[in-house]
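Chemist: sequence and computational prediction follow.
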Amino acid sequence: MNHPLTTSVRQIVKETFEGPPSGGSMFTESRPNSGLFGTLDQLTANEASIAVNATTVAAHADHTRFYLWGTNAILKDGKQPKMDWGESWKINSVNEKQWNRIKEELRSEYVTLLEALDVTEWNKLLAIEISGSLAHSAYHLGAMRQMLKAIKDS
């Protein structure tokens, strides 16, 4: 049987990325496509490249992927990998191929994170990294949802 913490964290992580389950929402909008993947899928590469307050959705998405990659590396190896945070914000514009790659790599890191939740024993490192990734991803989801409104309204 799954630990209650594992079950609840998994549910919140899934809502962040996949959107709310059919029965309602814990913190995202209750409608479909309000998670990270649904939000990103609403944008073309050109729209994801529109700067809103000096950054793009493409940059936010890739930065979120980068953070998840770091979390997954820590969970796998038990130590922080070398990470150049500045590099994770350098994307200004993307073509359709680049945009699809960012979304695919974000989804891959998400799946890896979900697999890490299947560990049998929670420890301090796992709890900190998973909680940090969840908070970080939820923050960027909110930022991208606001950017989506500005992009679609223009």
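Modeler: Nice, thanks for sending it over. Only a predicted model underlies this, so the values are computations on that prediction, with no experimental measurement involved.
Chemist: and the residue nearest the centre of the chain, which of the three is it?
Modeler: Nearest to the mean C-alpha position of the chain, by Cα atoms, centre = their mean, lies S137 at 4.4 Å. Following DSSP: H, G, I helix; E, B strand; the rest coil, we place S137 in the helix state.
Chemist: which residues are in contact with it?
Modeler: Applying Cβ atoms under 8 Å, 6 or more residues apart in numbering to S137 gives the contacts 13, 16-17, 36, 64, 67-68. Heads up, the C-betas are built off the backbone N, CA and C, glycines and all.
Chemist: nearest to G86, of those residues?
Modeler: If you rank the contacts of S137 by distance to G86 using Cβ to Cβ, Y67 comes first, at 13.5 Å.
Chemist: residues contacting the closest one?
Modeler: Y67 neighbours (Cβ under 8 Å, 6+ apart): 88, 133, 136-137.
Chemist: contacts for stretch 6-16, please.
Modeler: With Cβ under 8 Å, 6+ apart as the test, stretch 6-16 has contacts from 2, 21, 25-28, 35-36, 110, 113-114, 117-118, 122, 130-131, 133-134, 137-138, 141.
Chemist: cool, stretch 104-119 as well?
Modeler: By Cβ under 8 Å, 6+ apart, the surrounding residues in contact with stretch 104-119 are 6, 9-10, 13-14, 17, 36-37, 40, 61-62, 64-65, 68-69, 71-72, 75-76, 126, 130, 133.
Chemist: which of those residues are buried?
Modeler: Neighbour-count burial (16 or more other Cβ atoms under 10 Å) is assigned, among the contacts of stretch 104-119, to 6, 9-10, 13-14, 17, 36-37, 40, 61-62, 64-65, 68-69, 71-72, 75, 126, 130, 133.
Chemist: out of these, which are inside strands?
Modeler: The members of those all map outside strands under DSSP state E.
Chemist: send me the least confident helix or strand in the chain by mean pLDDT as CSV with only the CA atoms.
Modeler: In the chain, the helix or strand scored least confidently by mean pLDDT, DSSP states H and E is helix 4-18, which has a mean of 88. Taking Å, rounded to 0.1, in the frame of the first residue of the first chain, the C-alpha atoms of helix 4-18 are listed here in CSV:
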residue,chain,number,x,y,z
PRO,A,4,-0.4,8.6,2.4
LEU,A,5,2.3,11.2,1.7
THR,A,6,3.3,9.6,-1.5
THR,A,7,-0.3,9.4,-2.6
SER,A,8,-1.1,13.0,-1.9
VAL,A,9,2.1,14.4,-3.3
ARG,A,10,1.6,12.3,-6.5
GLN,A,11,-1.9,13.7,-6.8
ILE,A,12,-0.7,17.4,-6.5
VAL,A,13,2.2,16.8,-8.9
LYS,A,14,-0.1,15.3,-11.4
GLU,A,15,-2.5,18.2,-11.1
THR,A,16,0.3,20.6,-11.7
PHE,A,17,1.4,19.0,-14.9
GLU,A,18,-1.7,17.1,-16.2
